[in-house]
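Chemist: Give me coordinates for this.
(3 chains)
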Amino acid sequence: MDNSQYKNVFVFAEQRDGVVQSVALELIGKARDLAADLGEKVFAVLLGKGITPSAQKLVEYGADTVIVVDHEYLKDYVTEQYTQAMYQVLVEYKPSIVMFGATTIGRDLAPRVAARLGTGLTADCTKLEISEDTKEFQMTRPAFGGNLMATIMCPNHRPQMSTVRPGVMQKCTPDTSRKGEIINFVPKFDSSKFTVKLVKNVKEQKASVDIAAAKILISGGRGVGCTEGFGKLRDLAAVIGAEVSSSRAMVDAGNMPHDRQVGQTGKTVRPDVYFALGISGAIQHLAGMEESECIIAVNKDKFAPIFAVADLGIVSDLNAVVPLLTERLKKEMAK
Amino acid sequence: MNFNLTKTQELFRQMIREFADKEVKPLAAEIDEQERFPEETVKKMAKLGLFGIPVPKEYGGAGGDNIMYSIAVEELSRCCATTGVVVSAHTSLCLVPILEFGTEEQKRKYLPKLASGEWLGAFGLTEPNAGTDSSAQQTTTVLDGDEWVLNGSKIFITNAGQAGLYLIIAMTDKSQGNRGISAFLVEANTPGFCVGKKELKMGIRGSATAELIFDNCRIPKENLLGQVGRGFRIAMKTLDGGRIGIAAQALGIAQGALDETVKYTKERKQFGRAIAKFQNTQFQMADMKTKIEAARLLIRSAAFKKDESIKNDRINYSADSAMAKLYASEVAMEVTTKAVQFHGGYGYTREYPVERMMRDAKITEIYEGTSEVQRMVIAGDLFGKI
Amino acid sequence: MKILVCVKQVPDTTEIKIDPVTKTLIREGVPSIMNPDDKGGLELALQFKDKFGAEVTVITMGPPQADVVLREAFAMGADRAILLTDRKFAGADTLATSHALAGAARKLHWDLIITGRQAIDGDTAQVGPEMAEHLALPQISYVAGVEYDGKTFTVKKETEEGYQMLEFEGKGLLTVLASAFKARYMSVGGIVDAYDKEVEIWGADRIDLDESKLGLKGSPTKVVKSFAKELKQPGVIHEVDAEQAVELIVSKLKEKHII
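Modeler: Next comes the predicted model:
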């Protein structure tokens, strides 16, 4: 394989119901950095039906060229249809690098395309860079449940493919004056291979709550006080897609139900982020949450034992902090 | 001599440990608090075949060995001593004696039901006036035509009211002393047989412990287990096996308490450091661990010998099971008491499981032969006839 | 009906710790388990066995000690077990692994292939879909439910927003979520028999695949470097007012890629 034939950084611009997903914009942001290091260009590949108008948005966020495949078959994501389209685009345009969001769509599509192309795919990358000296594409990702980081390369096969989780890369600030090339690509579909039928697509709120499964927990203790206090925590949780939990004291006081209790007689949790708000950190509580990936504690008492296990300890009045944080996060999430 | 578990036993240990952690542990505090029988767990255990571990497949059992059985009781008891004793009393005290002493008809009639967990089993030897002096049986049976008629009562019977079948020891001929005692199989709901009020106990509070009352209770002649006059021997042999189960229960309790204490002492900080760093903690816990391992080896050895005795009935494991039970129960009491001590004030509250484990441990020194009885058995084996 | 289930033996990554001195993973004493998503897949297959009398074959690609997960599968109720093991498979990335498994699958008869969504050591979720591609099978991933009426498979696929219902006829490959299929425990009788059953050992010569597609040689991706994650540093305590507190928190959330 002659690698020099393969140029440019491609991003699969994932869309759902016609809405371009944030992860696609984040990947375009990253693609710009990579392309700059390589002296190459950024292409976005947009598949769907009736999605041509969204192509311009991709240019505004940094794509130099958008390859649009606007076709009836691509109205909803189904594996084979999208694989055929993507495969033909990549064979035609020979990119050096292709990135997908590591979403349920990306993680279904990318391996199928990689296998069809006979090339390497690296999943859930947290860092992507071009090495200064050798100009090689280096992909870093977690393994062993996040305990180990591995740097991976795909030296002899093209394209080099990777998937990246939403929220890991940064979008560029959109530039509405930016101009780019928009190409309409028409693949040759083999519909005899379309054996799977999408019957229905259901959007629903997950019914029951298991705080042990939550990635972010906003946990309140005595410092939160009463039910209204927890209402403020629920507002904060809603902004970042977190769940609310509490210490035993609050469950005993009737402010929270037992299935949200963290601790010795409640549940043991290991979320990515555990907010301990107004929780002193008694040993029975620590037993239930000290393995959390990142602990952020807010408490008025600077001698509270919770600070011994917190990654970020804030001595401040949570009643002032929580509403301000909620507003600030609303702004951040809207970006 | 291989001290390792076989691959099959290791696979079994993996399963029962996962089952205990996921299905038994979450209910343990509630079972104790509410003093309720762990019905839902019993159903799950039945489905997996945990009520027929040592029964051959031809009788509906799992075809396992006594090492597996002792591991089962240990792992269950590590999380909940109540759940452990449900399996132990059922298996050692009802299922196994039928397997060892039953006629082919009795085996075909009762073993499949017991092994599948459709019926639980129980054993009635102890009476208000016959505890350690178990030969002082006052429950009587008289043959009347085609039926045996039982009169009398038993107390402190495990699985009482939950069992479908009871192995009852009773006096058939008082003039013959021990040789006048026989063993009988009594089905639940037999007219004339009723179960008294549930005992309120210090520990294993979810275990159904109650009195059995026989008032002209008539059972078919075929329900005599073994021969007339051989009941006392059947009871003693049954208890030899039962001691392995109770030893395993005690071991499980001790292990559970040790695990909790290791966890707690690593977390609890006083004087600026974890109390696990103090030499007092380390030395005492080292002793506790050593004793637990010693107990485990005694139990494995007794279970192994019992398995051997199935092929060669000249092998006598009485003293081995007595030593295992004596030692494991005393270790359990010591370890759980120290566990509470290491937890300090918190260990005295019901928020932590160690106080329950201490309350649970005590009975293992008493039932299925008190520690004093075990010493009698061991000394008897040591000195022979003197 | 015949079902082929792919399982992997993995270290229990929730038990893995990092050596603070050498900064490498401590692997001793970490128990090996059947990958949870694969176990869910096996449970699904066994439910089909209960309902439709399906014959369940389990296959794993791994070192000789992976035999244990096949015994576990027997004890849960699997009918046949194959250990695909050969030094030639060593160093395989997901593409090479999927080729090897597809090669083995071509030597077997099945109506459905089930794999777990992802393994807890690699966390890639790639082998199932890549296998499906090599075998030209329709694939559905993130499977949370399956119904079969004798002709059509109706599959529930979990998505971020809810779920989808999909249908296909004929053969297919499903990647399955552990959370959707609570795996049964091994039965005691099953465990007693597990080591009496035969685990078939298949080497590279059994699967008719070009050696260039196997193992390290057949792996387009290469691990250049691996390193343990940074150990947690003791946290810093800030006595600040509410605005500054919010700044600190937002920074931390950005650092952790939460926002």
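Chemist: Check which element follows the helix or strand harbouring B:Ala170 along the chain.
Modeler: Assigned by DSSP states H and E, B:Ala170 falls within strand B:163-171. Using DSSP H and E, the helix or strand that follows strand B:163-171 in sequence is strand B:181-187.
Chemist: one step back: report the backbone C-alpha coordinates of the strand holding B:Ala170 in PDB.
Modeler: Taking Å, rounded to 0.1, in the frame of the first residue of the first chain, the C-alpha atoms of strand B:163-171 are listed here in PDB:
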ATOM      1  CA  ALA B 163     -40.000 -28.300  55.700                       C
ATOM      2  CA  GLY B 164     -42.000 -30.800  53.800                       C
ATOM      3  CA  LEU B 165     -40.300 -33.800  55.500                       C
ATOM      4  CA  TYR B 166     -39.100 -34.300  59.000                       C
ATOM      5  CA  LEU B 167     -36.700 -37.000  60.200                       C
ATOM      6  CA  ILE B 168     -37.900 -37.700  63.800                       C
ATOM      7  CA  ILE B 169     -36.100 -39.700  66.400                       C
ATOM      8  CA  ALA B 170     -38.300 -41.400  69.000                       C
ATOM      9  CA  MET B 171     -38.400 -44.100  71.600                       C
END
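Chemist: and that strand, how far from the chain's centre?
Modeler: 16 Å (C-alpha atoms, centre = their mean, to the nearest Å).
Chemist: I'd like to check the angle between that strand and strand B:181-187, please.
Modeler: Using axes from the mean of the first three to the mean of the last three C-alpha atoms, to 10 degrees, the inter-axis angle of strand B:163-171 relative to strand B:181-187 is 160 degrees.
Chemist: Which elements pack onto strand B:163-171?
Modeler: Packed against strand B:163-171 by the contact rule (3 or more C-beta pairs under 8 Å, 6 or more residues apart in numbering or on different chains; DSSP states H and E) you find helix B:104-115, strand B:120-124, strand B:140-144, strand B:147-158, strand B:181-187, strand B:209-220, helix B:231-267. From N, CA and C alone the C-beta is placed, and that goes for glycine too.
Chemist: Apart from its chain neighbours, what residue comes closest to B:Leu297?
Modeler: B:Phe3 (7.9 Å; C-beta to C-beta, 6 or more residues apart in numbering or on different chains).
Chemist: Repeat that for B:Asp65.
Modeler: Excluding the flanking residues, the one nearest B:Asp65 by C-beta to C-beta, 6+ apart is B:Asp307, at 4.9 Å.
Chemist: Pull out the buried positions in whatever helix or strand that neighbour lives in.
Modeler: Assigned by DSSP H and E, B:Asp307 belongs to helix B:279-311. By 16 or more other C-beta atoms under 10 Å in any protein chain shown, the buried positions in helix B:279-311 come out as B:281, B:284-285, B:288, B:291-292, B:295-296, B:298-307, B:309.
Chemist: circling back: could you count how many residues lie near the residue nearest to B:Leu297?
Modeler: Residues lying near B:Phe3 (other C-beta atoms under 10 Å in any protein chain shown) number 7.
Chemist: now swap in C:Glu147 and tell me
Modeler: For C:Glu147, using other C-beta under 10 Å, the count is 12.
Chemist: what's the nearest residue to it if we skip its chain neighbours?
Modeler: That would be C:Thr154: by C-beta to C-beta, 6+ apart, it lies 4.4 Å from C:Glu147.
Chemist: Might you report the residue contacts of the one you found?
Modeler: If you count contacts by C-beta atoms under 8 Å, 6 or more residues apart in numbering or on different chains, C:Thr154 has them with A:199, C:146-148, C:165-167.
Chemist: do the same with A:Arg32
Modeler: Contacts of A:Arg32 (C-beta under 8 Å, 6+ apart): A:42, A:62, A:172.
Chemist: try B:Gln284
Modeler: Residues near B:Gln284 by C-beta under 8 Å, 6+ apart: B:338, B:342.
Chemist: where's it relative to C:Ile26, distance?
Modeler: B:Gln284 sits 27 Å away from C:Ile26, going by C-beta to C-beta, to the nearest Å.
Chemist: Residue numbers of chain A in contact with chain B?
Modeler: A:264-265, A:283-284, A:286-287, A:290, A:308 (C-beta under 8 Å from any C-beta of the partner chain).
Chemist: In terms of pLDDT, where does B:Ser321 sit?
Modeler: pLDDT, B:Ser321: 98.
Chemist: oh sorry, the question was meant for A:Ser208
Modeler: A:Ser208 carries a pLDDT value of 63.
Chemist: Dump stretch B:37-53 to CSV, keeping only the CA atoms.
Modeler: Presented in CSV, the C-alpha positions along stretch B:37-53 are these (Å, rounded to 0.1, in the frame of the first residue of the first chain):
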residue,chain,number,x,y,z
PHE,B,37,-37.4,-16.8,56.4
PRO,B,38,-35.5,-16.1,53.1
GLU,B,39,-38.2,-17.5,50.9
GLU,B,40,-37.1,-15.8,47.7
THR,B,41,-33.5,-17.0,48.1
VAL,B,42,-34.7,-20.6,48.8
LYS,B,43,-36.5,-20.6,45.4
LYS,B,44,-33.4,-19.3,43.6
MET,B,45,-31.1,-21.9,45.4
ALA,B,46,-33.6,-24.7,44.6
LYS,B,47,-33.4,-23.8,40.9
LEU,B,48,-29.7,-24.1,40.8
GLY,B,49,-29.6,-27.5,42.6
LEU,B,50,-28.2,-26.2,45.9
PHE,B,51,-30.6,-28.4,47.9
GLY,B,52,-29.3,-31.7,46.5
ILE,B,53,-25.5,-31.2,46.2
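Chemist: Which positions within that stretch qualify as buried?
Modeler: B:37-38, B:41-42, B:44-46, B:48-53.
Chemist: That stretch: how far from the chain's middle?
Modeler: When C-alpha coordinates are averaged (C-alpha atoms, centre = their mean), stretch B:37-53 and its chain have centres 15 Å apart.
Chemist: dump the residue contacts of A:Glu332.
Modeler: Here A:Glu332 is in contact with C:250, C:259 (C-beta under 8 Å, 6+ apart).
Chemist: between the helix holding B:Asp307 and helix B:231-267, how many degrees?
Modeler: Going by the same axes, to 10 degrees, helix B:279-311 makes 150 degrees with helix B:231-267.
Chemist: Is A:Phe275 in a helix, a strand, or coil?
Modeler: Per DSSP: H, G, I helix; E, B strand; the rest coil, the local secondary structure of A:Phe275 is strand.
Chemist: For it, list the residues it contacts.
Modeler: Here A:Phe275 is in contact with A:216-219, A:242, A:296-298 (C-beta under 8 Å, 6+ apart).
Chemist: Where do the helices of the stretch 51-200 of chain C begin and end?
Modeler: Listed in chain order, the helices of the stretch 51-200 of chain C (DSSP state H, counting those that start in this stretch) span C:67-76, C:94-105, C:127-134, C:188-194.
Chemist: For chain B, which of those is the nearest?
Modeler: helix C:188-194 (3.6 Å; C-beta to the nearest C-beta).
Chemist: CA atoms only: put that closest one into CSV for me.
Modeler: Provided in CSV are the C-alpha atoms of helix C:188-194 (Å, rounded to 0.1, in the frame of the first residue of the first chain):
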residue,chain,number,x,y,z
VAL,C,188,-24.6,-27.4,40.5
GLY,C,189,-25.3,-30.4,38.3
GLY,C,190,-24.0,-28.5,35.3
ILE,C,191,-20.8,-27.7,37.2
VAL,C,192,-20.3,-31.4,38.2
ASP,C,193,-20.5,-32.4,34.5
ALA,C,194,-18.6,-29.5,33.0
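Chemist: Counting neighbours, which bits of the one helix or strand C:Ile249 maps to end up buried?
Modeler: Element membership for C:Ile249 (DSSP H and E) is helix C:242-255. Neighbour counts over helix C:242-255 (16+ other C-beta under 10 Å) mark C:242, C:245-246, C:248-250, C:252-253 as buried.
Chemist: which of those lies closest to A:Arg165?
Modeler: Taking C-beta to C-beta as the measure, C:Leu253 is the one of the buried residues of helix C:242-255 closest to A:Arg165, at 15.1 Å.
Chemist: from the helices of the stretch 51-200 of chain C, which stretch is densest packed?
Modeler: Most buried of the helices of the stretch 51-200 of chain C, by mean neighbour count (mean count of other C-beta atoms under 10 Å in any protein chain shown): helix C:127-134, with a mean of 28.
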